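Engineer: missing the sequence, but the structure's below:
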Ligand SMILES: Nc1ncnc2c1ncn2[C@@H]1O[C@H](COP(=O)(O)OP(=O)(O)OP(=O)(O)O)[C@@H](O)[C@H]1O
Ligand SMILES: [Mg+2]
């Protein structure tokens, strides 16, 4: 049997109470093998970001279990979970979450600083070059276009070479060419670092390049299909 990296059982997430209640996730069971490249698609409000945030340990589920590399994420204390997350999971947020007072380079190195590690400068330079943001290294995040900020967010997520990369619409603000380049970089990174990738996208053309496509609707998985994936 393939090595399992993510195992989710009976997941539910409800926001609010009474009339304001929203069932964002309604009973998800999901197993992801190491080095799998999975895309998650579905309409706006179907629960994609909520699911990713829970797998990334950023939000606590209302019920259910999430195991990452055999460790139960929500059995840990908050501080241990923060450390675990930084070591194992790279996250590209839907709205980037860059620090405006920091330069591009500092933003990318932030996970290393938080982990009291020296950033791997050669590696970070390669990632910046591949993403076409090397010349922006010394600029502040506020001085960048939306697409550039997105690429900085991807570089930051890769900076500690996590075993799992979670990306929420990473190509959402990019034109076709940059979107494809970003995907190529993610595939390269997956192969190079034996990473598992979970990619949320509304773009079916991008989803088709993954190995497995999961469709969410009203917080449930309505289809889960193995794909060929595109071998480049
Ligand atoms: N913090 C929150 N408080 C209350 N409701 C929330 C919260 N976050 C999300 N929701 C609700 O949960 C549902 C799922 O939201 P989610 O952000 O996961 O959707 P999504 O699939 O990522 O949508 P999009 O494609 O627009 O990003 C939506 O109905 C949303 O309004
Ligand atoms: Mg979302």
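Structural biologist: Perfect, I can see it now. It should be emphasised that the depicted structure is a prediction, and the values quoted were computed from it without experimental measurement. Ligands and ions are numbered 1, 2, ... in the order given.

Engineer: ok, residue 105 touching residue 141?
Structural biologist: No: with contact defined as Cβ atoms under 8 Å, residue 105 does not reach residue 141; the gap is 10.8 Å. To be clear about C-beta, it is placed using only N, CA and C from the backbone, and glycine gets the same treatment.

Engineer: contacts for the longest helix anywhere in the chain?
Structural biologist: Longest helix in the chain, counting residues (DSSP state H): helix 176-192. With Cβ atoms under 8 Å, 6 or more residues apart in numbering as the contact definition, helix 176-192 has outside contacts at 35, 37, 127, 130-132, 147, 150-151, 154, 158, 165, 167, 170-171, 174, 195-197, 199, 203, 206, 209, 232.

Engineer: show only the entries of the residues you listed found in helices.
Structural biologist: Assigned to helices by DSSP H, the following of the contacts of helix 176-192 qualify: 127, 130, 147, 150, 151, 154, 158, 206.

Engineer: my guess is residue 38 meets residue 215, correct?
Structural biologist: No: at 11.5 Å, residue 38 does not count as touching residue 215 under the criterion of Cβ under 8 Å.

Engineer: neighbour count winner among the two?
Structural biologist: Set side by side, residue 38 and residue 215 show more neighbours around residue 38, with 21 against 17, by other Cβ atoms under 10 Å.

Engineer: what separation do you get for the most centrally placed residue in the chain and residue 220?
Structural biologist: Against the mean C-alpha coordinate of the chain, by Cα atoms, centre = their mean, the closest residue is residue 166 at 1.5 Å. Using Cβ to Cβ, to the nearest Å, we find residue 166 at a distance of 20 Å from residue 220.

Engineer: low-confidence stretches in the protein?
Structural biologist: 1, 229-232 (pLDDT under 70).

Engineer: how about the residues of this structure near ligand 1?
Structural biologist: Residues of the chain lying near ligand 1 by Cβ under 6 Å from any ligand atom: 15-16, 22, 24, 42, 44-50, 94.

Engineer: let's go with 5 Å and repeat that
Structural biologist: Counting by Cβ under 5 Å from any ligand atom, the chain comes close to ligand 1 at 15, 22, 24, 44, 45, 46, 47, 48, 49, 50.

Engineer: mind checking which of those are in helices?
Structural biologist: Reading helices off these with DSSP H, I get 48, 49, 50.

Engineer: the last one and residue 216, how far apart?
Structural biologist: The span separating residue 50 from residue 216 equals 9 Å under the rule Cβ to Cβ.

Engineer: just the second one next, same as before
Structural biologist: Relative to residue 216, residue 49 is positioned 10 Å away (Cβ to Cβ).

Engineer: centre of the chain to stretch 135-142, how far?
Structural biologist: Offset of stretch 135-142 from its chain centre (Cα atoms, centre = their mean, to the nearest Å): 23 Å.
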